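1. Pasting the sequence and the predicted model now:
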Amino acid sequence: MVVLSQGATNHLAFVKTCKPSSAIFDGVPVVDLSRTDAGAAMVRACQEFGFFKVVNHGVSQEVVDRLEDEAIGFFGLPQSEKDKVGPANPFGYGNKRIGLNGDVGWIEYLLLHTNSSEDDKRLSLPLSQGNQEFLRCAVDDYVRAVKEVAFRVVELMADGLGIEPRDALSGMLRSEASDSCFRLNHYPPCPELQALSPSGHNLIGFGEHTDPQIISVLRSNNTSGLQICLPDGAWVSVPPDHSSLFINVGDSMQVLTNGRFRSVKHRVLAGHGKPRISMIYFGGPALEEKMAPLPSLLAEGESSLYKEFTWSEYKRSAYKSRLADYRLGLFEKPRVQ
Ligand SMILES: C=C1C[C@]23C[C@@]1(O)CC[C@H]2[C@@]12CC[C@H](O)[C@@](C)(C(=O)O1)[C@H]2[C@@H]3C(=O)O
Ligand SMILES: O=C(O)CCC(=O)C(=O)O
Ligand SMILES: [Fe+2]
């Protein structure tokens, strides 16, 4: 990995680049939600990759398209307008800076809290101006729909793993207290990079990391860029598919399943080709939720691989870390030789 030379413009000088990886992953597991073996297929995918894509998910194309259009509208606003809802801390509009600990990427984004209470199911979007009301509604509708997919997915995972009760995982996401968030990412093309390196380096759009929550549900337009790290350490490109939803196993799911499911390391390369727009729901537990392997999953004599902690403790620690850090390391029990 190299840093672009000082010859590049200022805003490019601090974004890392990466050699192109030609490996396109044609083995992304596909789970058809309408099939009776969906749970078993998810379990296989989560044990092997921590990643799969879902078809027949039931989210209406109209809801997806409306959010994509509104997102394009928002990111197309003058910089001064977008800056009014930033800088992200961690919520709000962010531009090139990811998190609060020095990570950067070729990206602009809106990070939002999905704040659902009994009376007010609206997101606490930090937006107020006229056209941004439409964005708020589009996000609300999309999040409502994608949450249903997330609930179904974790219920099917519970079935596949033999977890009892079968709503042990979905209950965490359905809870009013669930600490979930939602993110719209925009990776613009980079004409300077294309001139400097027409078919060569990419910019790091979103550096390698795992998601801290239980699961993430990702949808993007038809632009490539997402890569996952396979169990052997190889980075591979995920072919874009704008009509499917991609599921990432997060760190919390790794803990809840005592390591049976592994959180997937992933990243986004950007700068070449068309702009990439992605929308991701991160389903997390309540702040006070104890993060420990689900009892019905543990075999006789099996003990937790992790120390005891709450989601609030994990989240606080995660948000102090850099993107690429191995966040679960601090919470693992020392291995007995
Ligand atoms: C560098 C960071 C950004 C992040 C918080 C963190 O300190 C480490 C985890 C990052 C991540 C990755 C998944 C999600 O995009 C995210 C919202 C999350 O919950 O954890 C981001 C955080 C962020 O962008 O603030
Ligand atoms: O934008 C994407 O496709 C993935 C971004 C991501 O991994 C994240 O926001 O956590
Ligand atoms: Fe992620």
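-> Great, that's in hand. Ligands and ions are numbered 1, 2, ... in the order given.
2. CA only for contacts and neighbour counts going forward, please
-> Noted.
3. List the beta-bridge partners for the closest residue to ligand 2 within the stretch 151-300 of the chain.
-> Ligand 2 sits closest to S278 of the stretch 151-300 of the chain, with a gap of 4.9 Å, by Cα to the nearest ligand atom. Beta bridges link S278 to N185, S220 when assigned by DSSP bridges.
4. what's near enough to touch it?
-> By Cα atoms under 8 Å, 6 or more residues apart in numbering, S278 lies in contact with R183, L184, N185, H186, L218, R219, S220, N221.
5. Check L100 too.
-> N89, P90, Y319, K320.
6. residues from the stretch 51-200 of the chain in reach of ligand 2?
-> Applying Cα under 6 Å from any ligand atom, we find that the stretch 51-200 of the chain lies next to ligand 2 at N185.
7. any idea how far the nearest residue to A286 once chain neighbours are set aside is from V268?
-> In this structure, A286 finds its nearest non-sequential neighbour in S178, 4.2 Å apart by Cα to Cα, 6 or more residues apart in numbering. Going from S178 to V268 by Cα to Cα, to the nearest Å gives 27 Å.
8. cool, F282 as well?
-> 17 Å.
9. Repeat that for F151.
-> Distance from F151 to V268, by Cα to Cα: 26 Å.
10. now swap in D83 and tell me
-> 23 Å.
11. Looking at those two, which has the bigger crowd around it?
-> Taking other Cα atoms under 10 Å, D83 and V268 do not tie; V268 has more neighbours (24 against 15).
12. mind listing what that one touches?
-> Neighbouring residues of V268 by Cα under 8 Å, 6+ apart: I204, G205, F206, G207, E208, G225, L226, Q227.
13. could you give the mean pLDDT of the helix or strand harbouring E70?
-> Element membership for E70, per DSSP states H and E: helix 61-75. Average pLDDT, helix 61-75: 96.
14. sorry, back to before: adding distance to ligand 2, pLDDT and neighbour count, write the contacts of V268 out as TSV.
-> Listed next are these as TSV, based on distance: Cα to the nearest ligand atom, whole Å; pLDDT from 0 to 100; neighbours: other Cα atoms under 10 Å:
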residue	distance to ligand 2	pLDDT	neighbour count
I204	11	93	24
G205	8	96	27
F206	6	97	24
G207	8	97	21
E208	8	97	19
G225	7	94	25
L226	5	97	20
Q227	9	96	22
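15. Flag every residue of this protein that's near ligand 1.
-> 90, 98-99, 101, 103, 211-212, 318-323.
16. and the residues you listed, which of them are in strands?
-> I98, D103 (DSSP state E).
17. Quickly name whichever of the residues of the chain next to ligand 1 is closest to ligand 2.
-> D211 (5.9 Å).
18. tally of neighbours for E288?
-> 14.
19. In contact with it, which residues?
-> Contacts of E288 by Cα under 8 Å, 6+ apart are T310, W311, S312.
20. Out of these, name the ones that lie in helices.
-> Cross-referencing those against helices under DSSP state H gives W311, S312.
21. which of the contacts of E288 has the most neighbours?
-> W311 (21 neighbours).
22. That one contacts A286, doesn't it?
-> Yes. If you go by Cα atoms under 8 Å, W311 and A286 touch, sitting 6.9 Å apart.
23. Which neighbouring elements make contact with the top helix by length along the chain?
-> If you go by DSSP H, the chain has its longest helix at helix 130-161. Judged by 3 or more Cα pairs under 8 Å, 6 or more residues apart in numbering; DSSP states H and E, helix 130-161 is in contact with helix 38-48, helix 61-75, helix 170-174, strand 215-220, strand 276-283.
24. What subset of the contacts of L100 is buried?
-> By neighbour count, with 16 or more other Cα atoms under 10 Å, those hold P90 as buried.
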